[in-house]
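Visitor: Here you go, sequence then predicted model.
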Amino acid sequence: MRNKKIEFYKHNLSLTDKNNVRKVLDSIFLTTGEWVKEFEKKFSKYLNIKYVVTVNTCTDALELSLRYFNIGKGDEVITTPLSFIATSNVIEYCGAKPVFVDVEESTGNINADLIESKITSKTKAIMPVHLYGHMCDMKKIRKIANKYSLKIIEDAAHCIEGKRDGIRVGQYGNSSCFSFYATKNIASGEGGAIATNDKKMYEWLLKARQHGMSKNAVDRYSKKYEHYDMEFLGFKCNMTNIQASLLFNQLDNVEKFRSQKELIAKKYNKGFQKNENIKFPMVLEKTKHARHIYTIWVDPSKRDEYLHKIQNENIGVAVNFRVIHLMKYYKDKYGYKKDSFPIAEKIGDSTITIPLYPKLTEKEINYVIKSVNNVVTD
Ligand SMILES: Cc1ncc(COP(=O)(O)O)c(C=O)c1O
């Protein structure tokens, strides 16, 4: 066993990022201000989507999107059971019902071919999750949404850089939601953003993230004082200048980070290729994977044993994800039983996430490959 742990994740913060935060700390405005505005402009340019509104988490971004579309009690939203709980929790926050659809065996993404069978008169939206950084079949999902006049809210927490079939993340969604949580491709501890081409939505979101106020603190401070009004009951989830300053320069490097992670993923693929007991999600043709996380799929009956053995080799691991519908809250509320969504359950019981970040050294990558192969032997 190695003495020094191979961490599950290491952030990419550079001296420039730290200096940017320093600039904010030395300024007047710690909260939402110029840094936030500039980051939003830069992110919208990167995504090629007209508007970006930053918030405190991707959870906020998803919830605000649902709220904007007036989704609430009596409504249904179609989504995947193989995701982080935030995806369906936001539907619950709004009083609507998450309706799960099983996933594809190859990628773990929502199976677009099964969506139509779950649409009822109550369905208002589809919330696809680009799992691990592999985009869903947005062409198919957009066709279905158009046919039934549904909104698409993309959970793009894993997928800033993704592209598939010539379509980028956010291009086919009514809104797309991003996370800058501590382990994400660019990270500010907590952080999130909503991207949309809808000007009305953009204007609503700017207010909704700050209590529904008509003016924010910068407006009041830097211009001739004007009173604010509260136009509707909003939320309090605006991003701060501190968070935005951390993200600003990381965004310039996001493609470089992705390429570095792509190389590591390829080394892992090669290293596990000969081990019949290790499978991993496919990357479909014409897909640019955002490479958020790298998971392997092993025998479900031995997954936990392997997980602990890999940990014992001093390698950080995670599970992405145990299925949502079998979490106590969802089982109790909706009566889900095992085998409700067999493919998602199988993946959820097989999956082990191993370290994937640009700071991994060649030696560490080789150690991970060797250790995992030594552990997963049957
Ligand atoms: C698929 C998915 N959606 C949503 C979220 C929520 O992101 P946040 O922690 O920024 O609220 C996460 C977080 O890990 C996630 O993995």
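Guide: Structure's in. What do you need? Residues are numbered from 1 along each chain as shown.
Visitor: Need the three-state assignment for the residue positioned nearest the centre of the chain.
Guide: In the chain, the residue lying closest to the centroid (C-alpha atoms, centre = their mean) is Ala157, at 1.3 Å. At Ala157 the chain is in coil, as set by DSSP: H, G, I helix; E, B strand; the rest coil.
Visitor: Am I right that it is in contact with Thr183?
Guide: No. Using C-beta atoms under 8 Å, Ala157 is not in contact with Thr183, being 10.6 Å away. The C-beta positions use only the backbone N, C-alpha and C, and glycine is treated the same way.
Visitor: could I get stretch 57-73 in PDB with only the CA atoms?
Guide: Extracted as PDB, the C-alpha positions of stretch 57-73 are listed here (Å, rounded to 0.1, in the frame of the first residue of the first chain):
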ATOM      1  CA  THR A  57     -25.600  25.900  -6.400                       C
ATOM      2  CA  CYS A  58     -26.800  23.800  -9.300                       C
ATOM      3  CA  THR A  59     -29.600  22.700  -7.100                       C
ATOM      4  CA  ASP A  60     -30.700  26.400  -7.000                       C
ATOM      5  CA  ALA A  61     -30.300  26.600 -10.800                       C
ATOM      6  CA  LEU A  62     -32.600  23.600 -11.300                       C
ATOM      7  CA  GLU A  63     -35.200  24.800  -8.800                       C
ATOM      8  CA  LEU A  64     -35.300  28.300 -10.300                       C
ATOM      9  CA  SER A  65     -35.800  26.800 -13.800                       C
ATOM     10  CA  LEU A  66     -38.700  24.800 -12.600                       C
ATOM     11  CA  ARG A  67     -40.200  27.800 -10.800                       C
ATOM     12  CA  TYR A  68     -39.900  30.000 -13.800                       C
ATOM     13  CA  PHE A  69     -41.900  27.500 -15.800                       C
ATOM     14  CA  ASN A  70     -44.500  27.500 -13.100                       C
ATOM     15  CA  ILE A  71     -44.100  23.800 -12.400                       C
ATOM     16  CA  GLY A  72     -45.700  22.800  -9.100                       C
ATOM     17  CA  LYS A  73     -48.400  20.900  -7.400                       C
END
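Visitor: From the chain's centre, how far out is it? Work that out for me.
Guide: Mean C-alpha position of stretch 57-73 versus that of the full chain (C-alpha atoms, centre = their mean, to the nearest Å) differs by 15 Å.
Visitor: and what of stretch 150-157?
Guide: The answer for stretch 150-157 is 11 Å, by C-alpha atoms, centre = their mean.
Visitor: what about the helices in this protein?
Guide: For the chain, applying DSSP state H gives helices covering 15-25, 34-47, 58-68, 86-93, 138-148, 199-208, 217-222, 241-252, 254-272, 303-312, 328-334, 342-350, 362-375.
Visitor: With distance to the ligand as new columns, can the ones you listed be given to me in JSON lines?
Guide: Below are those laid out as JSON lines (distance: least, C-beta to the nearest ligand atom, whole Å):
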{"stretch": "helix 15-25", "distance to the ligand": "19"}
{"stretch": "helix 34-47", "distance to the ligand": "15"}
{"stretch": "helix 58-68", "distance to the ligand": "3"}
{"stretch": "helix 86-93", "distance to the ligand": "4"}
{"stretch": "helix 138-148", "distance to the ligand": "16"}
{"stretch": "helix 199-208", "distance to the ligand": "16"}
{"stretch": "helix 217-222", "distance to the ligand": "23"}
{"stretch": "helix 241-252", "distance to the ligand": "11"}
{"stretch": "helix 254-272", "distance to the ligand": "16"}
{"stretch": "helix 303-312", "distance to the ligand": "19"}
{"stretch": "helix 328-334", "distance to the ligand": "16"}
{"stretch": "helix 342-350", "distance to the ligand": "13"}
{"stretch": "helix 362-375", "distance to the ligand": "22"}
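Visitor: Thanks a lot, see you next time.
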